[in-house]
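Peer 1: Need a 3D model of the following:
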Amino acid sequence: MSAQMNTPVVRGACPRLSSPMQTGDGLLARLVPAGPMDIAAFAELCAAARKHGNGIMEISARGSLQVRGLNPTSAPIFASTVEGLDIDICGDVPVIASPLPDDDPSALLGAHAVAADLREAIAASGLILAPKLSVIVDGGGRLHLDALRADIRLCAVSTAEGPKLLVSLAGDAATATALGVVASHDASELVTNLLATIAAHGPAARASDVKVDAFQAVARACLAPTTRVAPRSPAEAIGLHRLKGGACAIGVALEFGQAHADDLMGLARIAAANGATWVASAPGRTLLLGPIDEMTGFVLATAADGLGFVVDARDARRRVVACPGTPSCASGLIAARALAADIAATLPASEAGIAVHVSGCTKGCAHPTAAPLTIVGTEQDYGIVHNGTARTRPERHVEASDLLAEINKMREPVNA
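Peer 2: Reported below is the predicted structural model:
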């Protein structure tokens, strides 16, 4: 393992526990938890991140955990430590399930049970697949995964025969191509066949590179006709979520997706002292903890707020998305997250969604899609883009000293 650790992963591939990526503040390792983690094991993970890295931890937009500041010596030790913890981590093909456990009363079926079967079948298949390929299993509950893109999507839907899984390809819930509906007990075989079809097009192939006819040919035997699914309101992990049996889970967000291991450990310890047994990273750079009772939810929300976490979905910090920027990212040209904090302080609280994207460079890693306002770091100044991405050519450039004035001047169109 140590030989792998000394060779940073190639850009464009995914940084993993065993093959971290070189960036501005050292090596970055990414873990995709296969479900809720034992709360004590999560605290040990945070302690390892502090000991072997720089203590900075992140939750990505897709719910992955990232540990920063590792080095060629500490990275293999960190990996070995994590492998010894009671944390189930996805293999080479991330199979992302709904973030709440399978006792979510709003779910139509148990996404984690389906996902576990899929991981086992994929591992046994021996298929060689693209590094960024992913599968989603959405149990149909309130914390749905509609906003996440995936090569293969399975989403629970109601049918006359009971809950089944709508299978679609290459996109999010709005853009993916629907194939049909499958019974949950047939899902593993179907997904393995679909992945084999992708693999037949080469080790770098994605679902979008394969014609739908090829998928239909291997899937037709176990699929029923497609079911129409109405669009759902955006999922919001922040706040209290009911579980079966009267228990609850609480969701909080990391400020701009980042927190120190000490603060995460502190929150986990307070939650554990109040009865929580698990922690789950979730899409939208959020963290779920449970099971707890409703009154404990207020205690944890107060504690999380004191530690700097976002506990209100209307918090203005949720309206700004930012990458690490300089000096954490080798590609960053501006201190994106520090600037994001300054910008958030000028914005009113709102549930309107992302208003501003601060990108350290033109790659736009934190928010690849368009935002009402994007600020892009350049070698000399800040590029301003309206209703575009970080890759869009800036409409104009401003100096650092004029940036906040520019933001204030544009507040009305941003909030419109």
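
Peer 1: and residue 280, helix, strand or coil?
Peer 2: Judged by DSSP: H, G, I helix; E, B strand; the rest coil, the three-state class of residue 280 is strand.

Peer 1: typo on my end, residue 380
Peer 2: Using three-state DSSP as the criterion, the local structure at residue 380 reads coil.

Peer 1: what number of residues lie near the residue lying closest to it once chain neighbours are set aside?
Peer 2: With C-beta to C-beta, 6 or more residues apart in numbering as the measure, residue 397 is the residue that lies nearest to residue 380, at 7.4 Å, once sequence neighbours are left out. Where you see a C-beta, it was placed from the backbone N, CA and C, and this is true even at glycine. Using other C-beta atoms under 10 Å as the criterion, residue 397 is surrounded by 13 other residues.

Peer 1: Which strand or helix spans residue 397?
Peer 2: Residue 397 is located in strand 396-398, with elements delineated by DSSP states H and E.

Peer 1: who does that strand touch, helix- and strand-wise?
Peer 2: Using 3 or more C-beta pairs under 8 Å, 6 or more residues apart in numbering; DSSP states H and E as the contact criterion, the elements in contact with strand 396-398 are strand 382-388.

Peer 1: Which positions within the strand it packs on qualify as buried?
Peer 2: The neighbour-count criterion (16 or more other C-beta atoms under 10 Å) identifies 382, 383, 384, 385, 388 as the buried residues of strand 382-388.

Peer 1: which among those residues gets closest to residue 401?
Peer 2: Relative to residue 401, the closest of those is residue 382; by C-beta to C-beta it sits at 10.5 Å.

Peer 1: Let me see the contact set for the closest one.
Peer 2: 334, 375, 376, 397, 398, 399, 400, 403 (C-beta atoms under 8 Å, 6 or more residues apart in numbering).

Peer 1: now, the most widely separated pair of those?
Peer 2: Longest distance between any two of the contacts of residue 382 is 14.2 Å, between 376 and 399; criterion C-beta to C-beta.

Peer 1: And the helices in the stretch 251-400 of the chain?
Peer 2: If you assign secondary structure with DSSP state H, counting those that start in this stretch, the helices in the stretch 251-400 of the chain sit at 261-273, 294-306, 336-344, 400-409.

Peer 1: between these, which gets the lowest average pLDDT?
Peer 2: The minimum mean pLDDT among those belongs to helix 400-409 (a mean of 77).

Peer 1: who does it touch, helix- and strand-wise?
Peer 2: Counting contacts by 3+ C-beta pairs under 8 Å, 6+ apart, helix 400-409 is packed against helix 336-344, strand 382-388.

Peer 1: These: which one's closest to residue 160?
Peer 2: Closest of the helices and strands packed on helix 400-409 to residue 160 is strand 382-388, at 43.3 Å (criterion: C-beta to C-beta).

Peer 1: what residue ranges in this structure are flagged as low confidence?
Peer 2: Judged by pLDDT under 70, the chain has its weakly predicted residues at 1-13, 409-416.

Peer 1: how is it carved up into domains?
Peer 2: Domain assignment for the chain, taken from automatic domain parsing, gives 2-91+237-306, 100-222, 316-415.

Peer 1: ok so, going back, identify, from the contacts of residue 382, the entry nearest to residue 214.
Peer 2: For residue 214, the closest of the contacts of residue 382 turns out to be residue 376, at 38.8 Å, with distances computed as C-beta to C-beta.

Peer 1: Contacts only, for the nearest residue to the closest one once chain neighbours are set aside.
Peer 2: Nearest-residue entry for residue 376: residue 383, 3.9 Å, with adjacent residues in sequence omitted and distances by C-beta to C-beta, 6+ apart. Going by C-beta under 8 Å, 6+ apart, residue 383 touches 375, 376, 377, 394, 396, 397.

Peer 1: Name the pair among those with the greatest separation in space.
Peer 2: Between any two of these, the greatest separation by C-beta to C-beta is 14.7 Å, found for 377 and 396.

Peer 1: More neighbours: which of these two?
Peer 2: Higher neighbour count among residue 377 and residue 396: residue 377, with 24 against 10, using other C-beta under 10 Å.

Peer 1: re the thing from before, more crowded one of residue 376 and residue 399?
Peer 2: Set side by side, residue 376 and residue 399 give different neighbour counts by other C-beta under 10 Å, the larger being at residue 376 (28 against 10).

Peer 1: and the gap between the more buried one and residue 166?
Peer 2: Computed with C-beta to C-beta, to the nearest Å, the distance linking residue 376 and residue 166 is 37 Å.
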